[in-house]
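In: I'll drop the sequence and a predicted model, then ask my questions.
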Amino acid sequence: MSESIVQIRGLNFFRRDRLIFNDLSLDIPRGKVTAILGPSGTGKTTLLHLMGGLLRPQSGSIEVLGHSVAHLSSRALFGLRQRMGMLFQSGALFTDISVFDNVAYALREHTQLPESIIRNIVLMKLEAVGLRGAQYLMPSELSGGMSRRVALARAVALDPEILMYDEPFTGQDPISMGVLVKLVRLLNDALNLTSVIVSHDVQEVFSIADQVFILAEGKVIGQGSPAELLKTENPQVRQFIGGHPDGPVAFHYPAPSLESEFLGETA
């Protein structure tokens, strides 16, 4: 069995005329927590969408669980997605049904299990995220941190092999963030998952990740364990990890000079 559960080779992807990925290659190891970091707008969430077949690259290959995602039929892609879980940035709970029914939804849609078994599975998943007692609540009655934890229980309901997290810590208070960080690591190890976290929260991700990729300008500018990246001499990586405003990554979006903008002067 391959040690890499996701293999990306020579990936090129554009949005209109903007280059998002330029000959990107990386491997995501099986059974580990892998983080994909980078400044805003570098395509981190786009990469998750490419892995899930929601987008198709202009060139290059993406293999997930041994399947070339871009070449799968709709039926085969649907089957592959059932082996993948996704925690959306917003949580994306169904607002008109209870916590219990949110977690049970995928089980009812994709299995023929009797309701008694579904009940046991749902309660086990909610117990894993510390919210079995909230099973009868509606999403509107949950705090932001609780909503994210219910979404996590729903994401693991079908026991996926890969669990992808899109900015899981955004907008969380320190306590909720600490709970979520612990849960990511705990669930990965307890359920024998492969976890892929897209984030820009360096401290939280470094505390649980086995491997980190840092993206910028359409490519990988740094990779390794958190300990290795903390020792890097790469100025782009050091600027990002340290959160420094001055460095190779410019604060200003490319624009004409002020003189030409306001005075009509040419270079």
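Out: That came through, no problem.
In: For the stretch 51-200 of the chain, which segments count as helices?
Out: Ranges of helices within the stretch 51-200 of the chain are 74-81, 99-110, 115-128, 144-155, 174-190, based on DSSP state H, counting those that start in this stretch.
In: what sits against the nearest residue to Leu137 once chain neighbours are set aside?
Out: Leaving out its chain neighbours, the residue that sits closest to Leu137 by C-beta to C-beta, 6 or more residues apart in numbering is Val99, at 5.2 Å. Backbone N, C-alpha and C define where each C-beta goes, glycine included. By C-beta atoms under 8 Å, 6 or more residues apart in numbering, Val99 lies in contact with Leu126, Leu131, Ala134, Gln135, Tyr136, Leu137, Met138, Pro139, Leu142, Val150.
In: One more: Phe206?
Out: Contacts of Phe206 (C-beta under 8 Å, 6+ apart): Ala35, Val212, Pro226, Leu229, Leu230.
In: Buried among those residues? Make that a PyMOL selection.
Out: Buried members of the contacts of Phe206, defined by 16 or more other C-beta atoms under 10 Å, are picked up in PyMOL with:
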select buried, resi 35+212+226+229
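In: about what we covered before: which per-residue confidence value corresponds to the residue nearest to Leu137?
Out: Turning to Val99, the model gives it a pLDDT of 94.
In: Could you tell me how many residues sit around Gly144?
Out: By other C-beta atoms under 10 Å, the residues close to Gly144 number 14.
In: no wait, Arg119
Out: Neighbours around Arg119, by other C-beta under 10 Å: 15.
In: Same question for Ile221.
Out: Neighbours around Ile221, by other C-beta under 10 Å: 20.
In: Just to check, it is in contact with Ile214?
Out: Yes: with contacts counted by C-beta atoms under 8 Å, Ile221 reaches Ile214, the gap being 5.5 Å.
In: out of the helices of the stretch 51-200 of the chain, deepest packed?
Out: Mean neighbour count (mean count of other C-beta atoms under 10 Å) peaks for helix 144-155 among the helices of the stretch 51-200 of the chain, with a mean of 23.
In: Distance from the chain centre to it, please.
Out: 14 Å (C-alpha atoms, centre = their mean, to the nearest Å).
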